[in-house]
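**Q** No letters, just coordinates:
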């Protein structure tokens, strides 16, 4: 039996970019730091060595201007991929994204597609501070004309990025910073994953857990704890936030009658709120128990001591499930980590 190829999430992104550029000469990589030795947390590393400088290049620190430049390239037939090392940098280009990129296809009657990808790095880590650690997926998901995807595994990262680059619509591609060093099976060949969903990660019958991005990883750990307590959880991965498909979730909830939605961003007005609303629109005659959770309603703290009160963790998720199931659950010692809640692993020594 052939050994499965295991690589990191960051390497999967890098491979998707490289293979897409090799296949299609119209694919262009641009943004702050894409040609640096570090290559945006390793995701664009060495691309400058493989391709001409007119296809992999840095841009001036003027996000609104270079986003407009990229939109013009896309309308002209190129396929630009913009990389922002933090989602907050994209806020300086929101007019271009919301008023231009998302609307050209509609306003032109389908005559002017905008095939571009905007990669946005989200997520936490002590020292990042309130201005560099936010998860702003819901801002972009609110806008018609934008596709919004948020992969959780290396396999998804490569396949969904390749598909995003091929798409005729502007795609907002979110990558959680803590996922970049995670590892998983990724085929070396070029492949695509359709931009639809959600995806069933684990079958179960007692409760449906819905999440995405890094919080999905926490939820999968929670499933192991639940299994030790003879609780069978079904896990749904919302890797595509817009357009949001609800059918598979409804089918799962029909079976379990119990739901927990763990948002990757703030709880208030979040992705979880939208899923919550759609569920109750579809279960008007059937009683279900539904709870949601997410980041606390405050700016993201800089310190480890405060951040532990900000984010959902496997322990707070378990407490919420205990409330839903009306059952006390036991957490084995092996799931209790000595690493602080705002540090993904021992190698993370600070924001840079």
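**A** Nice, thanks for sending it over. For clarity, every value in this text was computed on a predicted model and none was experimentally measured. Numbering: from 1, shown residues only.
**Q** so residue 276 sits right up against residue 293, yeah?
**A** No. Using CB atoms under 8 Å, residue 276 is not in contact with residue 293; the gap is 10.9 Å. (Each C-beta comes from the backbone N, C-alpha and C, glycine too.)
**Q** Could you name every residue contacting both of these two?
**A** Residues touching both residue 276 and residue 293 (CB atoms under 8 Å, 6 or more residues apart in numbering): residue 261.
**Q** Could you pull up the residues touching residue 195?
**A** Residue 195 makes contacts with 147, 149, 160, 163-164, 167, 171, 240, as judged by CB under 8 Å, 6+ apart.
**Q** show me where the chain has helices.
**A** With DSSP state H as the criterion, the chain has helices at 9-23, 39-42, 47-50, 63-75, 94-95, 104-107, 137-141, 154-166, 213-228, 247-256, 271-282, 304-307, 314-325.
**Q** nearest to residue 340, of those?
**A** Residue 340 sits nearest to helix 304-307 of all the helices of the chain, at 4.5 Å, using CB to CB.
**Q** Can you give me the domain assignment for this structure?
**A** 8-185, 199-335 (automatic domain parsing).
**Q** Those into CSV, with extra columns for mean pLDDT, mean neighbour count and distance to residue 191?
**A** Putting the domains of the chain into CSV (pLDDT from 0 to 100; neighbours: other CB atoms under 10 Å; distance: least, CB to CB, whole Å) gives the following:
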stretch, mean pLDDT, mean neighbour count, distance to residue 191
domain 8-185, 95, 20, 5
domain 199-335, 94, 18, 15
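**Q** Generate a markdown table for these, with distance to residue 193 as supplementary columns.
**A** Formatted as a markdown table, those follow (distance: least, CB to CB, whole Å):
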| stretch | distance to residue 193 |
| --- | --- |
| domain 8-185 | 3 |
| domain 199-335 | 8 |
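**Q** wait, which of the ones you listed is closest to residue 346?
**A** Distance to residue 346, taken as CB to CB, is lowest for domain 8-185 among these, at 11.3 Å.
**Q** Quick check: residue 303 touching residue 126?
**A** Yes. Counting by CB under 8 Å, residue 303 touches residue 126, with 6.6 Å between them.
**Q** one step back: quick one: the helices of the chain as TSV, columns for distance to residue 29 too.
**A** Below are the helices of the chain laid out as TSV (distance: least, CB to CB, whole Å):
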stretch	distance to residue 29
helix 9-23	6
helix 39-42	10
helix 47-50	6
helix 63-75	11
helix 94-95	22
helix 104-107	22
helix 137-141	20
helix 154-166	10
helix 213-228	23
helix 247-256	34
helix 271-282	28
helix 304-307	33
helix 314-325	36
